[in-house]
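In: For reference, the sequence and a predicted model appear below.
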Amino acid sequence: MIRGLRFTTKGSRDSGNFGHEGRPGQVGGSAPSARSGTLAGWYRPPGLDENLVNSLAAEDVGDATYVAEQLGYASEWGAYNRDVQRWTMQADPDAKRDIESWIRTQPQVRALSLYEDWSGEYTKDAIAGKSYPSFQKWLDTPQILYRSGGRSDVFMSFARSKRVAMDATNTDEAWWIRASLRQWFAASGTGAGEVWLASEAIETLGENY
């Protein structure tokens, strides 16, 4: 059942920090003509509210804002999204630290962020009656993520599409990393296949690191 679904997209092609557009890429797969980076083996992502994960899975795909309201997290989710928009729409550098604080101290916000990304990926399949992986299964499914450019502080923007990653910085170089959703820092919520990894999670990124 699709709960409270509203077809709205946060962010845009002109978003301040990344501005991706288009449907996210396929799960897994190879990454030709891009260099491999690695996650730090010791890295442990911020906490994830497993009880909420179970509740979100029971909701199936839906609008994260509506679901947050139904589950009692409207205030936290609304405040978090205002900080996300400060970063994605205005490139406010202070917003990154505010987002970091939400993700590191509020495991329910991180769960809702990943749920929003999963719902956005599979809404069309749900409407068409096609099969798709459960939220819990998707959390543990490795995906290939691409980045062009160097390191940045706090968290770093990656795309599921290599083309989108390279177009964002007008370059013909990209690096890729394989990471499951549980290893992501958060999802951007732009509806454009952009996800965030913590800078500390990246052990190597291309030949220069």
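Out: Perfect, I can see it now. Residues are numbered from 1 along each chain as shown.
In: use CA for all of it now, contacts and neighbours both
Out: Will do.
In: Could I get the phi/psi values of the residue nearest the centre of the chain?
Out: Of all residues in the chain, the one closest to the mean position by CA atoms, centre = their mean is A187, 2.0 Å from it. Backbone dihedrals for A187, given as degrees, to the nearest 10, come out at phi -110, psi 150.
In: Look up how far E121 lies from it.
Out: 12 Å (CA to CA, to the nearest Å).
In: cool, Q90 as well?
Out: Look at Q90 and E121: by CA to CA, they are 25 Å apart.
In: between those two, who's got more neighbours?
Out: Taking other CA atoms under 10 Å, Q90 and E121 do not tie; E121 has more neighbours (19 against 15).
In: so the more buried one is in which element?
Out: Element membership for E121, per DSSP states H and E: helix 107-128.
In: Was I right to think A187 contacts S113?
Out: Yes. Between A187 and S113 there is a contact under CA atoms under 8 Å: 5.7 Å.
In: ranges for the helices of this structure?
Out: In the chain, the helices defined using DSSP state H lie at 50-59, 64-71, 74-88, 93-105, 107-128, 135-139, 162-169.
In: For F155, which of those is the nearest?
Out: Set against F155 and scored by CA to CA, the helices of the chain come closest in helix 93-105, at 7.7 Å.
In: Point out the other elements, helices or strands, that that closest one touches.
Out: Packing partners of helix 93-105 (3 or more CA pairs under 8 Å, 6 or more residues apart in numbering; DSSP states H and E): helix 74-88, helix 107-128.
In: Distance from the chain centre to the shortest one, please.
Out: What it means is helix 74-88. Centroid separation for helix 74-88 versus its chain: 14 Å, with CA atoms, centre = their mean, to the nearest Å.
In: Now that helix: buried residues?
Out: Across helix 74-88, burial judged by 16 or more other CA atoms under 10 Å covers A74, W77, Y80, N81, D83, V84, Q85, R86, W87, T88.
In: same thing with the longest one?
Out: Neighbour-count burial for helix 107-128, with 16+ other CA under 10 Å as criterion, is recorded at 107-123, 126.
In: how about the CA coordinates for that helix, as CSV?
Out: This file holds the C-alpha atoms of helix 107-128, laid out as CSV (Å, rounded to 0.1, in the frame of the first residue of the first chain):
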residue,chain,number,x,y,z
PRO,A,107,18.8,7.5,14.4
GLN,A,108,15.1,7.8,13.5
VAL,A,109,15.9,10.7,11.2
ARG,A,110,18.6,8.7,9.4
ALA,A,111,16.1,5.8,9.0
LEU,A,112,13.6,8.2,7.5
SER,A,113,16.3,9.6,5.1
LEU,A,114,17.1,6.1,3.8
TYR,A,115,13.4,5.2,3.6
GLU,A,116,12.7,8.3,1.5
ASP,A,117,15.4,7.2,-0.9
TRP,A,118,14.1,3.6,-1.1
SER,A,119,10.5,4.8,-1.7
GLY,A,120,11.7,7.2,-4.4
GLU,A,121,13.5,4.4,-6.2
TYR,A,122,10.6,2.0,-6.2
THR,A,123,7.4,4.1,-6.3
LYS,A,124,7.0,3.6,-10.0
ASP,A,125,7.4,-0.2,-9.6
ALA,A,126,4.8,-0.2,-6.8
ILE,A,127,2.3,1.7,-8.9
ALA,A,128,2.8,-0.6,-11.8
